[in-house]
Every structure is written in structure tokens, then in C-alpha cells.
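Q: got a structure for you, letters missing:
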């Protein structure tokens, strides 16, 4: 049985209305008889972080990976109930009288018809949002019996679900309404620290720098713990009044301003409040069910500090956190729920790993792609890529590591990673400043060979591995100063244990680094800059390499180095220049006359909404295809003078910010 699960906006967002943040983290998953054939997030392919567009590229990828057509699929399912979808459409139509009134089924069928030229009405299925979260964690866990808790912002008018799962049956113990959303509660407080939606993980990283007791009295007025694992939350208006009463009304941090101690203390108290409420719920249902195994899913389950608190509580022998716990993982959960509804047996090994995305290609394929980027890069075929990469790390280089199929979910787990020596504290500052261009407090994760996990980190006796980088655990006191680049200020680390069986090349690299240094650990962070999703293809990797401070990249068996001063290299003008699919050119009047801009079609939540450009670059993007140099000759009569230099500088800056894409020219 072939089942296509998808999550995302129900219309073709790049041309239709996809404003707001609803349906964020679009994704697609294809199941064949309960096994994942392929899974990827739309952002990896359309290059829009947290994309809420219809996941047409992700769906195409999944079908192509299986060598099937949409006609071959038995069921197509999304992670919302049909009734709630219909309600949202009617509500939106009431707000916009010109909106076309369609049922959810007709709207989705029309989207597939426009993209695939096929009527899929009879194949369409719907799965309620939190049931999708439930199946997305429960089935992959492999647990025969467990307590499953799903907590997020909202979906289908609710914010969570608690269930007891046994065999192939589950019993819902509680549904949490939207007004009790722990995800939305956390997100609503971000503005005080100068952050917004999708920045929750940044606040989690800031929290250890603060004292949670400073604002504990304030937060205890925002929520109350009640009997039977229940709690209440203050309303948005009440929270604002409480902030004013606490003297915080004039202390909101603006973006770009320094973090004061008041912001760090607030972040610490917010994190503590979330953990207190989550543990209150978890402890109650642990007592009620006596379950010794726990599954966690929903966006709140990406809070690795909270997960670490649960792990160390001793309440459970095992916990499983879905590595794609956010809404993208619902593409998988919805597909699994349909499989169960079809009376198919529960698969025993649904998700043995997360390397389910696009493959980087064979050695010859990689070489062909790389040679297109010359003379900006030099390449060398390696006899032993893991051994060579380990040598570069031991020499102090920061490298990219791109291998095999990309990861499903928000974490780079060794196939699309930036790697460095985990020991020097300056590596943390270097990567944050030169590559990620982000706040210097932000921590990085250690990847360690699985068999030596306990030598360096404190994990419960019942835990053998931590493969998904979703739990923070303490580094052992005696190694914290040694692992300065990957140990957070509170002594914790978001560790990933690497199995020789699941990822032999990455395991071999870490082991080789360990033989050189005595430390079988590397610093691992996602291969991207601050403006883009994790790289997926060879071209993505090279683009990020050329526009950041990464010093070398190993792609498959190829070592890639770049020429000096790429930003001023004449070869930039021999490249083609194009807009990303989610960008448009806009000319509008300003106080100084006409202004020229590149604007996003995705909305303010998905990157910079507007970027100013010069009239020359605007015209280049609007009218010209082919090498930039040809445009400069034909339209500007300048291919090496001041205009060319100015255009090259501007294009490189726009490329670095991912407002445009520079690509090797076919000419």
C-alpha cells in the first residue's frame, strides 16, 4: 500500500495567498507497506525557512524516489480534520468577500489537479492534527505500550493530546484546548526578549545565562497548577498587565540591541515555567497509567532542555522524542494513521534513521556538479574521506560535511553538517560570527561515537543511545573544560550519539578524530547560514561554502577548497543571476523617488520581507538571462570598470543574504 502524507498550505502559495504562518514547515512523506521510502521538508527544496507553501517539490521528490506516479498512490492524507479545514476556509471567506468558497476537499483536489493534472478526490484522506502527532511518535518509537504526550502551539483548534497506547490501540486521556497552549504561551513571551515565532530555540539557549528565581513570582501569576495534571493560563491581556505591574513595560529588547541581565533572567523563568507545567502534566499521567515508556511530539517536544529534565527525572525507563516533532513530522504521522485505519499490521521498524531526503549523488555526479563552479573552487578526490576530514578538523579547520541522503527534520545529524574541533572555546565564537552570523551565546552540539557516550556524558542507566540531538544532558564535570566549544554555560550539551550501523561514514570520521586527539567527539551544527534552511544539494553546499567562513568542504569523496577573496573574484560576473521562486521584484515610490526592491512572497515570518537593490541590479534581474558579464557589455558597456565592480559587490551581498541565487552559467 502506497500512502502519501503531506503537511503545508492547501494552495500553491508562490502564486496564491499563503500569508501568515499557518501550515508552516511543509513536508511530504511516502510510505510503502508501512516503511518510509522518502521524506523531506519543502524548505530544503524551495529554500524558504519553515516554508508554508504547498509542498509540491517535496511530493515530487517522494514520488520520484519511489519510481511511482501519483496515480499509483492509494491514499493521500494531510494532518487536519476535514471539518476544521472547512471551518478555516469559511472563516477566511467571511473575512475576504472575493475569496472563492470551496470545501477543503475541493480546494486540495484543485491544488493537486493544477500541479499534477490528476483528479485525486477519491484518494484524499484527513487526519486530525494531534492524532498525526501521536502516530508520528508512537509508531516510530517501537514501544508496545507507552504514554504519548503531544504538545504544540495549535492545530485543529486544540493544543495537545495525551493518550495511552498499547499494542495497536490507543485511548485518548485528555485533549488540551487552544487556550491552554503551552507552545503559544512560550511564543507569546518572546517579544520581551526581542524575538518572534520560530525563535523559541534561541530563548532556550539564552535561559541558562539567567536566574529563574528573579521572575518566578511574575510567572506564577501567569499560570496555576491544578489537581489531576491540569493547569490554567492567564489571558494575553492579563499577561500584559502583569508585565506592566512588574515594571517591565519599558524594558522590552528590540532586535539588534544587547541582551541585558533582565532579558536573560526572563528567559530563564520562561523556560522554568514551561518545564514546570510540562512535568506537572507528565507526572500525573505517569501515575495514572503506570507506563514506563514515554513518547513526546509536537513543537514543544523540540525543547531539548525540557526533554532532558524528563529524561533525568527517573519517571521513565525510556523516552522517545520524534526527531521531526514539529508539524513537518505530521506528514509521517498522518500517513501512519491511514495505514492503521486500513487495518494494515503495525510495522516494527518504521523509522530506523532519518536519512530519508535527497541523495547527494554518486562520485561522478558530484564531480560534474562541482566542476561547474570552477574557477571559484578547487577539488580533490580523496582515498579515505572520513580520515581526511578528521585530519582537517585536527588541524583546526571548520569544514562542511555532505554525505548520502539528507536528514528529515530540523537537525543536521552528520549528512549535512558543519564540523569543527569541540575543544577550543573560540570555535564556538568563530562559527557564530563568521558562518552563522548569529548571537555569540548560542550553543553547538557534540556528536560522539555511540560506544563511548557514557565516558563523557551523564545519561541514565536505561539509556543506550541519543541519536537525534533532541535531549540535553550534563557533560561530566571533568570534561566540561575540555569540551569548551560544545558544553553550554550550565554544563549541558545537546548530544548526538552516532551509531556505526546507522551512519558508518560519520562514525568513521569521529573515530578517526578520536584517534588523533583522544576525544571521539566533533562539534556539529547544521550546514547553513542564518538566512537559509539546511543545504540539501551539491549546489546548495557550494553556495553556502562560498558565502561564509567555512574553510573546506567534503562532499562525498571530494575535498572542495575555495579561492581567496571570492567576493571580488572576476568569475562572479560569469555566473547567472536569478530570483528564488519565493521572491519578486517590486518598484514603488519612496520619499526619494522610485525605489527598487526584492520582496518575499512567503510573508514576514519566513525571512526578510524586503531588500533594497540598485536600479542596475533590478534591471538585470528583470530582463536578463545568462552571464552577468554579457548584461554589463550589452546594456551597460562596462564589463570591467566601476559599474561591474559595483554590481559584483552588490550581487555577492544579495547572494550571501539569499535574496538572489548566483548559478554557474550554461553559456
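A: Arrived safely, thanks for sending. Everything numeric in this text was worked out from a predicted model, so none of it was measured.

Q: Residue 279: neighbour count?
A: 18 (other C-beta atoms under 10 Å). Using the backbone N, CA and C atoms, a C-beta is placed for each residue, glycine as well.

Q: In contact with it, which residues?
A: Taking C-beta atoms under 8 Å, 6 or more residues apart in numbering, we find residue 279 in contact with 309-310, 313.

Q: can you do 7 Å?
A: Residues near residue 279 by C-beta atoms under 7 Å, 6 or more residues apart in numbering: residue 309.

Q: now it: how far from residue 412?
A: Residue 279 is 29 Å from residue 412, where distance means C-beta to C-beta, to the nearest Å.

Q: Quick check: closest non-adjacent residue to residue 531.
A: The shortest distance from residue 531 to any residue other than its chain neighbours is 4.4 Å, reached at residue 658 (C-beta to C-beta, 6 or more residues apart in numbering).

Q: What helix or strand is that neighbour located in?
A: Remark: residue 658 resides in no helix or strand, with elements defined by DSSP states H and E.

Q: Quick check: phi and psi on it?
A: phi 60, psi 30 (degrees, to the nearest 10).

Q: How about the one 3 residues further on?
A: Note on residue 661: its backbone torsions stand at phi -130, psi 130 [degrees, to the nearest 10].

Q: For it, give its distance to residue 116.
A: Using C-beta to C-beta, we find residue 661 at a distance of 26 Å from residue 116.

Q: The two: who's more crowded?
A: Legend: neighbour count by other C-beta under 10 Å for residue 661 and residue 116, higher for residue 661 (19 against 16).

Q: Just confirm that one contacts residue 583, I think it does.
A: No - contact between residue 661 and residue 583 fails when scored by C-beta atoms under 7 Å: they sit 9.2 Å apart.

Q: Give me the common contacts of the two.
A: By C-beta under 7 Å, 6+ apart, no residue touches both residue 661 and residue 583.

Q: Next, name the residue at the spatial heart of this protein.
A: In the chain, the C-alpha nearest the mean C-alpha coordinate belongs to residue 410, at 3.0 Å (C-alpha atoms, centre = their mean).

Q: what's that residue in contact with, if anything?
A: Contacts of residue 410 (C-beta under 7 Å, 6+ apart): residue 326.

Q: Now do the SS call for it.
A: Put simply, residue 410 is coil when judged by DSSP: H, G, I helix; E, B strand; the rest coil.

Q: Model confidence at it, what's the number?
A: We note a pLDDT of 96 for residue 410 in this prediction.

Q: For residue 304, see how far away it is.
A: Residue 410 is 11 Å from residue 304, by C-beta to C-beta.

Q: Mean pLDDT per helix and strand in the chain: which one sits at the bottom?
A: Lowest mean confidence among the helices and strands of the chain (mean pLDDT, DSSP states H and E): helix 82-95, at a mean of 84.

Q: could you pull out the strands for the stretch 151-300 of the chain?
A: Remark: strands assigned in the stretch 151-300 of the chain by DSSP state E, counting those that start in this stretch are 158-166, 169-177, 223-226, 230-233, 293-297.

Q: and the first one, what's its mean pLDDT?
A: Across strand 158-166, the average pLDDT comes to 98.

Q: Pull out the buried positions in it.
A: Neighbour-count burial for strand 158-166 flags 158-165 (criterion: 16 or more other C-beta atoms under 10 Å).

Q: Now do stretch 249-257: everything it contacts.
A: Applying C-beta under 7 Å, 6+ apart, the external contacts of stretch 249-257 come out as 191-194, 243, 259, 262-263.

Q: related to what we said a few turns ago, now do the least confident helix or strand of the chain: which elements does it pack against?
A: Contact analysis of helix 82-95 by 3 or more C-beta pairs under 7 Å, 6 or more residues apart in numbering; DSSP states H and E lists helix 104-116 as its packing neighbours.

Q: who does the helix or strand where residue 630 lies touch, helix- and strand-wise?
A: Using DSSP H and E, residue 630 sits in helix 628-636. The contact analysis (3+ C-beta pairs under 7 Å, 6+ apart) places helix 628-636 against helix 615-623, helix 642-656.
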